[in-house]
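In: A predicted structure for the sequence below; I have some questions about it.
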Amino acid sequence: MKKNSSRLTFWLFLIPSLFIFINVVIIPFILGIIYSFTDWDGFTFFGSKFVAFNNYLKVFKDQNFLSAFLLTFRYAIIMVIVSNIIGFSLALLVTRKMRTRNILRSIFFMPNLIGGLILGFIWQFIFTKLFVQLGTVLHASNIFFNWINDPNMAFWSIVIVSAWQMSGYVMIIYIAGLESINPDIIEASLIDGAGPVRRLFNIILPLTVPSFTISLFITLSNSFKQYDTNLSLTNGGPYGTTELLTMNIVQTAYKHNQYAIAQSKAVVFFVVIMAITLVQVYLTKKREVEM
Amino acid sequence: MKKILSLLISTILIAALVTGCSSSNNSKTSQNGTSSGQNSKITITVMQSKTEIQSDLQTIIDDYNKSQDKVEVKLLGTSGDNFATVLQSQFSASPEKAPTIFTIAGPDTPKFQPYMAEIKNSKAAEMLADGVKDDVTVDGKLYGLPSAVEGYGLIYNKNLFKEANIDPASITSIDALVNACEKLSKLNGVVKPIAFAKETYFSFIHPFNWAFAVDPNYKTDIEKLDKGQITMKDIPSVVQWIKDMDRIKPYTNSALDSYDDQVAGFASGKYAMIHQGDWVQSVLDQDKPNFDYGIIPFPTGGNTKLAVGTATAWRVNKYATPEQQKAAIEFLDWLITSDKGQEYSADTLKFIPAYKGVKAPKAPLAAEVAQYVDKGQIIPWVYNNYFPNGIDVDGSNVIQKYYAGLIKNDDQFLSELTNVWVQDAGK
């Protein structure tokens, strides 16, 4: 009896989210793979022809797609490094015994509560208006100019905004990891005479590897999937130099009306992200220490 | 205890989910039921692309709903830039539930052709002006009612022109325009004489349209261009346009401002001319500039005609019920031809009529555009029907490169334009 009721609870809880998950993730995903092998035009599927791997051949010949791919790789690597370093440092900061630590935690987490789209628009104002003003006031127009109109700085402006947003989120994960370290071990290291640097590298870091597994995974996959900030901050410009992969896919579908090709790009994109993140999780899992 | 509690909560959740679904089903059936019932209203929905007229249109629709009790018109939200995308997702989801009346024109039109009902028994259709009929006719059948014509060119600050002692009517060549720019740039407060906006249409499609619009053979030229038989270099008007752009480039803002910034800059006197159309009227009305303004053609190759075309047209959803389609055409007829509708169209929406014998708006820009239309001093919006899909993005990338100085000479400019054009046309 008891077992039956708990099984019932299990399914009652599972069914709603399973229903949503199947409808908005599984079914579109399968349909997407099917579409990628046809010449689907974006409206009804009936009447589309099977074209085998033609779409995929076109995808790999598309120069814009390949350059967007490289740019996204560059972006993802920079983002993983920057946001994890900042996030971990913030976590170390706010796990100290300070009076303001709770306020600081919420402040650092705050950017994550604002959507990437809104953040993009807010920062666009900063980069295009405030920076120009600062440049004229401080006579430093070689540093403070309109970053959005410069191909190189426009890329970095996306990195800055996204890192600002992501670090707060991974900070929370690192805080959880840091607080779960047994204080006895820290105390033992103190008695053994370990300095702060040695303690960080030999005690704290190995024990927070599980948090790193999660944080690296989240930052890696989120950076690959970056779209909203890219859209609202630079919209791919100037002259298409900051067009990340997801934006390239959206442009292919909605600007060039090549839905099937965009779908093939999305499948390629999925396979690549999956491969990369699986390798990453496998590698970091191996380093996790069981206490 | 805990188990019982969780069981209770989950049952409530499921119940809510189930009743939620079923209640929406109920309302759907009741809606269908009422549309077939005798003394109930037919509901039609309207979705249109012009964000700037959205609130005015809502007032007009409210008035229409009050004036009769057969039809309830509902205005759906609009999205401006991504309008066609949003509309398409609605049609691909289920055409029956897509908006009854929607607006579309330009390069996206063919995509929506299968979803447009032929316009029959419409009063407005009979009054449609000849020049615009082609824009909405396919195979001899009428598939839309243009909401208005619009014209663009260089909108100029009359006070600054007077101050610099320039006669706007004298600007009939690039030389005259460059001279004017030279004089204007010396005036106090003028940062750049000419400003373009950076959005794809404003930075590329509209300016580039001149190159083809002044070419009498643009249809055959574009056909050959699409097939790769000729390049941009072989079209004299395009070569001329690039030469003209080279001349005025130093006097422009390099298309770095957004649309809002561009118009605000014009209103504050920062820019003496902006390359825009009469649609900036509503923005200027809000900014209330303390000077008069007018519109002149862009004089590429000695051009003296304004670029005028059907900006957008009302379309009726083919998959709506026959009652809804009829109600939709009635509503459009009311908006375009009835006394009250004409007043609203001209005075509130500031639509420059695409119809004969219909009231024209009094606003300064609209009145000047209407004059050009009257005199027949107009050239078409070639991009509406002949530019390939996606050229707005790819072309604006090229022109942004050009402004940034990354294109060394005219030949490179021409070949890059040809490349993106052929690429987009071939897809």
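Out: Looks like it came in fine. Predicted, not measured: the structure shown is a model, and the values here were computed from it.

In: residues touching whichever residue of the stretch 51-200 of chain A sits closest to chain B, list them.
Out: Here the residue of the stretch 51-200 of chain A nearest chain B is A:Asn149; by C-beta to the nearest C-beta that distance is 5.5 Å. For the C-beta atoms, the positions are set from N, CA and C on the backbone; glycine is no exception. The neighbourhood of A:Asn149, defined by C-beta atoms under 8 Å, 6 or more residues apart in numbering or on different chains, consists of A:Thr128, A:Pro238, B:Leu256.

In: weed out the non-buried ones from the residues you listed.
Out: Buried subset of those (neighbour count, 16 or more other C-beta atoms under 10 Å in any protein chain shown): A:Thr128, A:Pro238, B:Leu256.

In: low-confidence stretches in the chain?
Out: Unless you meant another one, I'm taking chain A. Applying pLDDT under 70 to chain A picks out residues A:1-3, A:289-291.

In: that's the wrong chain, I meant chain B
Out: For chain B, the stretches with pLDDT under 70 are B:1-39, B:80-81, B:130-131, B:427.

In: mind listing the strands for it?
Out: In chain B, the strands defined using DSSP state E lie at B:42-47, B:71-75, B:101-104, B:137-138, B:141-142, B:145-157, B:192-195, B:271-277, B:293-296, B:306-316, B:378-379.

In: list just the one of those that sits closest to A:Ser83.
Out: In terms of C-beta to C-beta, the element of the strands of chain B nearest to A:Ser83 is strand B:192-195, at 38.2 Å.

In: and the next element down the chain from the closest one?
Out: Where DSSP states H and E defines the elements, the next helix or strand beyond strand B:192-195 is helix B:200.

In: for B:Gly390, find the nearest of the strands of chain B.
Out: The closest of the strands of chain B to B:Gly390 is strand B:101-104. By C-beta to C-beta, the value is 16.9 Å.

In: how distant is that closest one from the center of its chain?
Out: In terms of C-alpha atoms, centre = their mean, to the nearest Å, the centre of strand B:101-104 is found 12 Å from the chain centre.

In: please apply the same query to stretch A:25-37.
Out: Distance, centroid of stretch A:25-37 to centroid of chain: 23 Å (C-alpha atoms, centre = their mean).

In: ok, residue 48 - contacts?
Out: Using chain A here. Taking C-beta under 8 Å, 6+ apart, one finds A:Tyr35, A:Thr38, A:Asp39, A:Trp40, A:Asp41, A:Ala260 in contact with A:Ser48.

In: wrong one, chain B
Out: By C-beta under 8 Å, 6+ apart, B:Gln48 lies in contact with B:Gln54, B:Leu57, B:Leu75, B:Thr78, B:Ile101, B:Phe102, B:Thr103, B:Ser147, B:Thr312, B:Trp314.

In: my read: B:Thr45 touches B:Leu76, true?
Out: Yes. Between B:Thr45 and B:Leu76 a contact is recorded at 5.5 Å, counting by C-beta atoms under 8 Å.

In: name the residue in the two with the higher neighbour count.
Out: It is B:Thr45, of B:Thr45 and B:Leu76, that has more neighbours when counted by other C-beta atoms under 10 Å in any protein chain shown, with 20 against 17.

In: returning to that earlier point: of the buried ones among the contacts of A:Asn149, closest to B:Gln90?
Out: Closest to B:Gln90, out of all of those and judged by C-beta to C-beta, is A:Pro238, at 32.5 Å.

In: am I right that that closest one is in a helix?
Out: No. When classified by DSSP: H, G, I helix; E, B strand; the rest coil, A:Pro238 is found to be coil rather than part of a helix.

In: look up how far A:Asp150 lies from it.
Out: Plainly put, A:Pro238 is 7 Å away from A:Asp150 if you go by C-beta to C-beta, to the nearest Å.

In: again, but for B:Ser92
Out: 38 Å.

In: what of A:Ser6?
Out: Per C-beta to C-beta, A:Ser6 is found 60 Å from A:Asp150.

In: quick one, which of those two is more surrounded?
Out: Neighbours were counted for A:Ser6 and for A:Asp150 using other C-beta under 10 Å; A:Asp150 has more, 16 against 12.

In: quick one: contacts for that one?
Out: Contacts of A:Asp150 (C-beta under 8 Å, 6+ apart): A:Pro238.

In: any buried residues in stretch B:117-131, and which?
Out: By 16+ other C-beta under 10 Å, the buried positions in stretch B:117-131 come out as B:Ala117, B:Ile119, B:Ser122, B:Ala124, B:Ala125, B:Met127, B:Leu128, B:Gly131.

In: and it, how far out from the chain middle?
Out: 20 Å.

In: same check, this time on stretch B:383-392
Out: 13 Å.

In: same check on stretch A:150-166?
Out: Put simply, stretch A:150-166 sits 13 Å off its chain's centre (C-alpha atoms, centre = their mean).

In: now do stretch A:173-189
Out: So, by C-alpha atoms, centre = their mean, the centroid of stretch A:173-189 is 27 Å from its chain's centroid.

In: what's in contact with that stretch?
Out: Residues from elsewhere that reach stretch A:173-189 (C-beta under 8 Å, 6+ apart): A:87-88, A:90-92, A:94-95, A:105, A:198-199, A:202-204, A:207-208, A:210-212, A:214-215, A:218, A:291.

In: tell me the buried residues in it?
Out: Those buried within stretch A:173-189 under the rule 16+ other C-beta under 10 Å are A:Ile173, A:Tyr174, A:Ile175, A:Gly177, A:Leu178, A:Ser189.

In: ok, residue 119 - contacts?
Out: No chain in the question, so chain A it is. By C-beta under 8 Å, 6+ apart, A:Leu119 lies in contact with A:Pro111, A:Val161, A:Trp164, A:Gln165, A:Thr229, A:Ser232.

In: wrong one, I was asking about chain B
Out: By C-beta under 8 Å, 6+ apart, the residues touching B:Ile119 are B:Ala125, B:Leu142, B:Tyr143, B:Gly144, B:Leu145, B:Val316, B:Ile329.

In: where does the residue of the stretch 1-150 of chain A found nearest chain B fall, secondary structure wise?
Out: Distance from chain B to each residue of the stretch 1-150 of chain A (C-beta to the nearest C-beta) is smallest for A:Leu12, at 3.7 Å. Assigned by DSSP H and E, A:Leu12 belongs to helix A:2-21.
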